[in-house]
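Visitor: Got a predicted model here, sequence first, then my questions.
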Amino acid sequence: MRLAGIFALALLALAPQAASAQGCEIVRLGADFTAGDLSGSAPAEGVLCYDLRFGQGQNISVELVSGENVTVSAPGYYDARNDRMYLGDLPGRLELRVFQLMRSATPQPFALRIRFEPPGNG
């Protein structure tokens, strides 16, 4: 039961908030966040952008856990990946861009798993 509560809190922490100046949706990850999924649909044209915010020095992994023809980029770190990315000692923000690898006529559903990782795993 406690695990279900933690997961529910994680999902709330991943709820996108108001858009930032660059057109990214802000997602605030609190100190109690451990892991959760960020779901959406990659548009037929264009990119979805998420601006993750969290404590400075955090290690994070990002993994595309569902979605076909979908990829994710973390500008300045990784480009067009669909496997698990580890990012360490981050400055408190991370931009993620989700888009279709080969453009299709319809949006493509996806889910990204975001995890805070212990030191040494970044």
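Guide: Received it, and whenever you're ready, just let me know what you need. Numbers count the residues shown, from 1 in each chain.

Visitor: what about the helices in the protein?
Guide: Using DSSP state H, the helices of the chain run over residues 2-13.

Visitor: just for it, where's the confidence low?
Guide: Per-residue confidence for the chain (pLDDT under 70) gives these ranges: 1-22, 121-122.

Visitor: Run through the strands of it in chain order.
Guide: For the chain, applying DSSP state E gives strands covering 25-28, 35-42, 48-53, 59-66, 70-74, 78-81, 85-87, 93-100, 108-117.

Visitor: Reformat those strands as JSON lines; add mean neighbour count.
Guide: The C-beta positions use only the backbone N, C-alpha and C, and glycine is treated the same way. Shown next, in JSON lines, are those (neighbours: other CB atoms under 10 Å):
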{"stretch": "strand 25-28", "mean neighbour count": "16"}
{"stretch": "strand 35-42", "mean neighbour count": "18"}
{"stretch": "strand 48-53", "mean neighbour count": "20"}
{"stretch": "strand 59-66", "mean neighbour count": "17"}
{"stretch": "strand 70-74", "mean neighbour count": "21"}
{"stretch": "strand 78-81", "mean neighbour count": "13"}
{"stretch": "strand 85-87", "mean neighbour count": "17"}
{"stretch": "strand 93-100", "mean neighbour count": "20"}
{"stretch": "strand 108-117", "mean neighbour count": "18"}
